[in-house]
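# Predicted model follows, preceded by the sequence.
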Amino acid sequence: MSTATTPEAPPTTSTAVEKKGGFTAAAANYIDERTSVSTMVKELGRKIFPDHWSFLLGEVALYSFVVILISGSFLTFFFQAAMTPVIYDGSYVPLKGIEMSTAMASTLDISFDIRGGLLMRQVHHWAALLFVASIGLHMMRIFFTGAFRKPRELNWVIGFVLFILAMAEGFTGYSLPDDLLSGNGLRIIDGMVKGIPIVGTWISFLLFGGEFPGEVIVGRLYTLHILLLPAIIVALIALHLLFLVVHKHTQYPGPGRTNMNAVGQPVLPVYAAKAGGFFFIVFGIIMLIASFFTINPIWNYGPYDPSPVSAGTQPDWYIGFADGALRLIPPGLEFVWLDRTWSFNILIPLAALGLFIVLAMIYPFIEAWVTGDKREHHVLDRPRNVPTRTAIGAAGVTFYAGLWAAASSDIIATHFKLTMEGVIHSLQFVVIVGPFIAYFVTKRVCLALQKKDRELVLHGFETGRIVKLPGGEFIEVHEPLTDYERWRLVSYTDYEPLMIRPNSQGRITVGQRLRAGFSRWFFEDRISPVTKTELEAAHGHHDTHHELDEKSAH
Amino acid sequence: MRENKKTAGASRRKTGRRHPLATVALIAIGLGVTGGAYAAVNTSTASAETQIAAQSTIEEGEKLFQANCATCHGMGAAGTDSGPSLIGVGAAAVDFQVGTGRMPMQMNGPQAEEKPVQFTDEQVKALANYVASLGPGPSIPEDHLTNGGGDASNGAELFRINCAMCHNVAGAGGALTEGKFAPALDTVTGVHIYEAMVTGPQNMPVFNDLNISPEDKRDIITYLQYVQDNRSPGGFELGSLGPVAEGLFIWIFGLGAIVALTVWITAKSN
C-alpha cells in the first residue's frame, strides 16, 4: 500500500548501493522494495521506551511465553494424548508392569527414555510458572502506578484476559500427563462443575464424555492446550503490544516528563539490543532452574486412579487461590431442597472468586466513574499519591494471598508445627478481615509518606547540624532539595471529591448520589501537593535560615 | 514365662508350615521314628539354649522397663493414667517405639515424636523381649521381609492406595487433624516400616497380615527404599512437597533473580 509513498530509486543508484553495501544491503533492499518494511522499522525504531526496571516485567512474561512455545513444540513430538490403557515397560522401575493411560506412559517416556525429554518437560513447566508469576507482578505494577487509566483501560482488560487464559493454559497443561496429582485436580473441577445447580451434572457429562474420568478428557484438554488457547493468547498478545505502541509507554514522574512526551531510549538500536539480551537472560534463568530443580515428578505420583488421594495434594500456584477458597469455606452449607442437593460450600467460593475476578477486570472503569476523570494520563502515579487506590490494591492482594496460602494449609500446619484447625481459622480471618486491615494500614502509610514528602519539599532534608542563633535559640539546618528532586515530589494532580450537580431536569438522581458518595470515600483523606506560593513562602523562610547559618559559621 | 515361650515357638512353627519347606519337614516326620526322634532332640536342645538367652534378656528388659517406662506404663506394664497397658502389644511395637526414639515419651504434645534413640540395640531387644513375654503380639519381622528384595512397582501401587493419603505419594509426610501428622518416610528403616504397619502407632491404622500380606509389606518397603536410595532424576526435590514448593520457589528465587537482573540492567544505563 505505502509503496507509493516511497519514491522508487532509479536503477543506476541502486546498483551503486549494492556495490557499497555488498550482500546484506542488497538483501535488505530486496526485501524493502517488496514489503516496504523500512517504514515500519523507522516508525517502530523511533518509538521511545522509558527505562525503569518495573517496565521489564511484561517482557519477562513475553519471553517466558516464547520459551514455553519452543519447549512445548518439542514435547508435542513425543506426547500421546490418549487414555487407552497400556502396561508401562519403560526405565522407571517402581512403575514397571503397572497399567496406565498412554498419556501417562508417553510422559514417562519423555522423562526417562527420550534424550533431553526430562529437561524439556522441566523447562516447559518452570517457564509456565514463571509466565503466570511475571504476569501477576506486571499486573500489580500496572495497578499500583495507575497505568490502566485512560487511554489504557482496554489494554488492562486484554491483559487481564491474558492472565486468565494463562491460568487456563497451565491447568489444561498439567492435567495432560494423567497422573494421580492432576487427576485429583480434575476431580475437584468435576466436583465444582457438578455443584452448579440443575445444569452441573449435564455440563460435567458433556466435558468428560460421560461419567468422570472417562476416556476422552485428555484428548480434549490437549486440543485446548496446544491449539485453541495458544492461538487466542498469541492474538491477544499481538493486540496488547499494538496498543502499547499506539499509546506510547507510560513513564514515572520526573523532570521534563509530561503527559505530552515520553522520555527514554528509542527502540533502535540500544533498546532493541537490550531487549534481545534480556530475552536470553530470562531463557538462561529458566534453563538453570530446570536443570537443577525437579518439577512435577509424575513418576512419584503414579497413574491416575480415582481411589487414592495423596496428602499435600494441591494445584499449581496460580490455581491455588481457587483450591484455597474451597478449603476455607466452613462445613455444613450443603442441604437438600426440592429433591436436589444445593452445595453452597461450592457455590459461595465460586461466586466470591467470580466477583473478585470481574471487579479486578473492570476496575479501571469503576475508578474512572468514581473520580469522573476523563483526561488522558501518560505519567504514572507514585502509589502513595493515590492512597485509596493503593489501599484497595493492598486489600485485593491480601485477599488473594490468603486464599493462595489456604491451598497449602496442611503443609503450613506440618512445617510450622501448628494444628490444621488453627491454620484454617487464621486464614479465614486473613481472607475476611485481613483486607480491611490492609486497606486502613496502607492508606495511613501512604498519607504519612505524602506528609513526609511535603515536609521535604517545604523544608528540605534534615542535616543533623544544630546551630545556635545569636539570640540563644537552637535550630537544625535543613538542606533544600534540588529542583529535580522537588519536581518528582510535587508534580502530581490532586483530585477533589465530585460535587453533586442536578441534571438537565434539575433533579439529583440516585446514581449521582451514589457516585458522589463513592467519590467522597475515594478522596476524603488526601494531602494536596505543595503549591507554588507555599513553596515560595517556605523558601523565603529558608533563606533567612541560611543567612543566619552563614553568620554563625563565621 | 515357659508358657509364653512355648506359644512363641508354636507360632514360629506355624508360620514355618506355610513355607514351601514345611511340606518337606512334614514328610520327614512321617518317614520314620528315628529321624523324627533325632529332629526332636535337636530342636529341643536348640530352643533350650535360646530360652536361657531370652530369659536373661527378659530379666534385663524388666529392669530397664521398671526404671524408664513404668512411671507411665505402670508396674508390669499394666498401664496407668499417663500411658496405656503394653500387655499384648508385642515386641514389634516396643522395637518401633523405642527404636525410633518415640519412647520413653517426653512432653505431652499432640503426638509422641521421634527423638534421638536413648537405648542401645541390645537394651531395645531386651525391652522388646520383656514386653513380648507379657502377652502374645506381633514380633520383630525377619530380615528377608525388610531388606528390600521385593517388587517395587507392586509396593508403589499399594503405597499409593493404602498410605499416600496420610504420608504423601513420595513419602514426604502430611498433616492430620489437631496438630497430629504422618511423618516423612525418607529416613526410616525397613524394620521400622514393617513394625509401623503391624502395630499402627498412635494415629496410624494397623495393617495386619489379612489386610496387607507379609510379601506385600515387603514390596512396600522395597518401594520406600527405592525412593530413599534414588534421588529425583530431575534434580533437587524441594522437599517433595509438590506444587506449593514449586510455586514459592518460582516467586522467590525465579522471579527474585529476574527482578534483580532487571534492576541491574536498567541501572547500568543511567
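Looks like it came in fine.

# now stretch A:269-277, how far from the centre of its chain.
23 Å (CA atoms, centre = their mean, to the nearest Å).

# Which of the residues in it are classified as buried?
Across stretch A:269-277, burial judged by 16 or more other CB atoms under 10 Å in any protein chain shown covers A:271-272, A:274-275. Every C-beta, even on glycine, is put in place using the N, C-alpha and C of the backbone.

# Also stretch A:366-376?
The neighbour-count check on stretch A:366-376 (16+ other CB under 10 Å) flags A:367, A:369-371 as buried.

# Break down chain B into its helices, ranges please.
B:2-18, B:20-31, B:33-68, B:70-73, B:90-99, B:121-134, B:143-146, B:152-162, B:164-167, B:190-199, B:214-229, B:243-249, B:255-269 (DSSP state H).

# Domain map for chain A?
Domain assignment for chain A by automatic domain parsing gives A:13-44, A:46-301+A:312-381, A:446-553.

# Need the winner for burial among the ones you listed.
With neighbours defined as mean count of other CB atoms under 10 Å in any protein chain shown, these peak in mean count at domain A:46-301+A:312-381, which reaches a mean of 18.

# how far is that domain from where the chain is centred?
Put simply, domain A:46-301+A:312-381 sits 11 Å off its chain's centre (CA atoms, centre = their mean).

# Mind checking the pLDDT average for that domain?
In this model, domain A:46-301+A:312-381 has a mean pLDDT of 90.

# first to last residue in that domain, what's the distance?
25 Å (CA to CA, to the nearest Å).

# Spatially central, which residue of the chain would that be?
Just so you know, I chose chain A. residue A:136 (2.5 Å; CA atoms, centre = their mean).

# meant chain B, my bad for not saying
Centroid-nearest residue in chain B, with CA atoms, centre = their mean: residue B:192, separated by 2.1 Å.

# Is it in contact with residue B:99, as I believe?
Yes: with contacts counted by CB atoms under 8 Å, residue B:192 reaches residue B:99, the gap being 6.2 Å.

# Tell me which residue of the stretch 1-150 of chain B lies closest to chain A.
Of all residues in the stretch 1-150 of chain B, residue B:110 sits closest to chain A, at 7.3 Å by CB to the nearest CB.

# That residue - nearest residue in space that isn't next to it in sequence?
Leaving aside its sequence neighbours, residue B:110 sits nearest to residue B:179 (CB to CB, 6 or more residues apart in numbering or on different chains; 3.7 Å).

# Also residue B:106?
Counting by CB to CB, 6+ apart, the residue nearest residue B:106 is residue B:115, at 6.8 Å.

# what sits against the one you found?
B:101-102, B:106 (CB atoms under 8 Å, 6 or more residues apart in numbering or on different chains).

# if we can go back for a sec, for the residue of the stretch 1-150 of chain B closest to chain A, give me its contacts.
Per CB under 8 Å, 6+ apart, neighbours of residue B:110: A:419, B:178-180.

# what about residue B:252, distance to chain A?
Taking CB to the nearest CB, to the nearest Å as the measure, residue B:252 falls 10 Å from chain A.

# what about the closest residue to residue A:318 other than its chain neighbours, which helix or strand?
Once flanking residues are discounted, residue A:318 sits nearest to residue A:132: 4.4 Å by CB to CB, 6+ apart. Element membership of residue A:132 [criterion: DSSP states H and E] is helix A:117-144.
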